[in-house]
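Trainee: Sharing a sequence plus its predicted fold:
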Amino acid sequence: MPKIIDHDQRRRDIVEVARSIILKGGFEAATMRSIAAEAGFANGALKHYFPGKESIVAATFETVLSEHDTWLQESIAEGQSAETALRTLLEGTLPSRVQEIPSGRVLLALWEYAMSNDALTALYRTHLERWRGMLVERMQAASDAGAIRAQDFDVVANEYISVAVGATVINLMYPDGERLADYRAYVDQFLARLR
């Protein structure tokens with residue numbers, strides 16, 4: 001009886017291998033040859049799942065953004081106060097542990113690639129809009145609950161996203177986590193300013 005192959009799982013496995021290679025060695029290290037070798041495929045076998053490196057990178061980018069979007073949705077816990085829900089979102093979108101810092105390397109490589117790929121640029125813009133929308137929604141709920149003052153939450157959300165993206169990049173220069181406490185303190189300062 002022939003072995004049944006889960007092709008969708010194979011694609012996910014290939015994306016995870018590509019992500020791991022990018023994490024360890026950057027975008028240039030993720031060649032078709034290195035991905036095939038790490039995934040345990042013959043060189044040409046990847047083409048059955050992805051026509052080339054670009055499509056693997058696109059799938060990796062989509063996976064990373066999808067995971068982030070899933071986390072954003074799951075961070076909404078039943079029974080949380082509006083202020084706690086806002087804090088959870090803010091803290092969760094900044095690197096907070098040394099183990100999270102290397103994932104910024106994957107994002108940095110993918111951002112660079114997205115700059116020359118219109119479809120991936122659109123995908124990332126959609127992701128940013130969802131993120132901004134969740135921030136505005138949670139800030140508005142915290143304001144309605146009297147935890148923070150009313151203000152232009154679109155402007156504040158844009159500022160926060162810029163800080164979070166910058167923190168992801170800056171922490172790559174401090175891989176031992178020397179700056180993590182600065183960003184935890186920033187969340188406290190940010191919330192104090194919103195009050």
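Mentor: The structure has been received and is ready for your questions. Numbers count the residues shown, from 1 in each chain.

Trainee: Which neighbouring elements make contact with the helix or strand of the chain with the lowest mean pLDDT?
Mentor: Least confident helix or strand of the chain, by mean pLDDT, DSSP states H and E, is helix 103-114 with a mean of 78. Applying 3 or more C-beta pairs under 8 Å, 6 or more residues apart in numbering; DSSP states H and E, we find helix 103-114 packed against helix 7-25, helix 53-74, helix 118-144, helix 153-170. Placement of C-beta: from N, CA and C, glycine included.

Trainee: buried stuff in stretch 120-135?
Mentor: 120, 123-124, 127, 131-132, 134-135 (16 or more other C-beta atoms under 10 Å).

Trainee: What residues does the closest residue to Ala142 other than its chain neighbours make contact with?
Mentor: Nearest non-adjacent residue to Ala142, counting by C-beta to C-beta, 6 or more residues apart in numbering: Ala82, 4.3 Å away. Residues near Ala82 by C-beta atoms under 8 Å, 6 or more residues apart in numbering: 138, 141-142, 144-145, 147.

Trainee: repeat that for 7 Å
Mentor: Counting by C-beta atoms under 7 Å, 6 or more residues apart in numbering, Ala82 touches 141-142, 145, 147.

Trainee: hang on, isn't Thr88 packed against Ser75?
Mentor: Yes - in terms of C-beta atoms under 7 Å, Thr88 counts as a neighbour of Ser75; the distance is 5.1 Å.

Trainee: How many residues are close by Trp71?
Mentor: Applying other C-beta atoms under 10 Å, we find 12 residues neighbouring Trp71.

Trainee: Would you agree it is in contact with Glu91?
Mentor: No - Trp71 is beyond contact range of Glu91, at 11.6 Å (criterion: C-beta under 7 Å).
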